[in-house]
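S.K.: Sequence and predicted structure below; questions after.
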Amino acid sequence: MEYKEEMDKVSYCLGLSISSNLLMSGIKSINKEAFVSAIDDAFSGKTPSISPEEANKTLQDFFSKVQAKMSGEALENGKKFLEDNAKNEGVKILDSGLQYKVLEEGSGDKPTENDQVKCHYEGKLINGQVFDSSYKRNEPATFPVNGVIKGWVEAIQMMNVGSKWQLYIPSELAYGSQGAGQAIGPNETLIFDVELLEIIK
């Protein structure tokens, strides 16, 4: 269907935005009739079929269940991924559970946890979805070594300047059960390509 009038376009775009947010929140399907009925009630000023108090509690309970399910699935999927990945050629495993693969070996100094470093990086989930990339921004990131997730802190101190590694980071060395924003859910195992460009003294 083609939408020519401004409000028609805006309405459709609002629907896309809301749907996208719902999908990222873990909701894979809805009762469209009930959804539209709630919108009609709100815009017409009718008394809603469910009170605001009950609605809030219903949503809190539902999203708690969704979050718990997603968290458990992410933990299991991450564990399976790391088990399989450990068998791949060139992958090394540290006592912490961190896995890494050397893509390019540099010859510069190694930073300490008290240093600041400049890096290019790309982070993605184990399903391949990229959630952050300094390469796409065309701007390296500068940060203190001890100011990032545990998996990075451990790996960066092992890298020589000029090195590029691929890191496979278990959730407990990443963002754990809290996740990070919309992009990284709870208990997600993460993959990073990290290029150590410079130690900033």
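M.R.: Received it, and whenever you're ready, just let me know what you need.

S.K.: Endpoints of stretch 42-57, how far apart?
M.R.: Stretch 42-57 has an end-to-end distance of 19 Å (CA to CA, to the nearest Å).

S.K.: swap in stretch 34-54?
M.R.: Its first and final residues considered, stretch 34-54 spans 16 Å by CA to CA.

S.K.: Domains of this protein: list them as residue ranges, please.
M.R.: 6-77, 79-200 (automatic domain parsing).

S.K.: Which of those comes out lowest on mean pLDDT?
M.R.: When the domains of the chain are ranked by mean pLDDT, domain 6-77 comes last with a mean of 89.

S.K.: now it, how far from the chain's geometric center?
M.R.: 21 Å (CA atoms, centre = their mean, to the nearest Å).

S.K.: so D132 sits in a strand?
M.R.: Yes. Looking at D132 with DSSP: H, G, I helix; E, B strand; the rest coil, it is inside a strand.

S.K.: all strands in this protein, in order from the N-terminus.
M.R.: Secondary structure of the chain by DSSP state E: the strands cover 91-93, 99-104, 116-125, 130-133, 141-144, 164-169, 190-200.

S.K.: buried set for the lengthiest helix in the chain?
M.R.: The helix that spans the most residues within the chain, counting by DSSP state H, is helix 52-85. For helix 52-85, the neighbour count (16 or more other CB atoms under 10 Å) marks Q67, M70, S71, A74, L75, N77, G78, F81, L82, N85 as buried. Placement of C-beta: from N, CA and C, glycine included.
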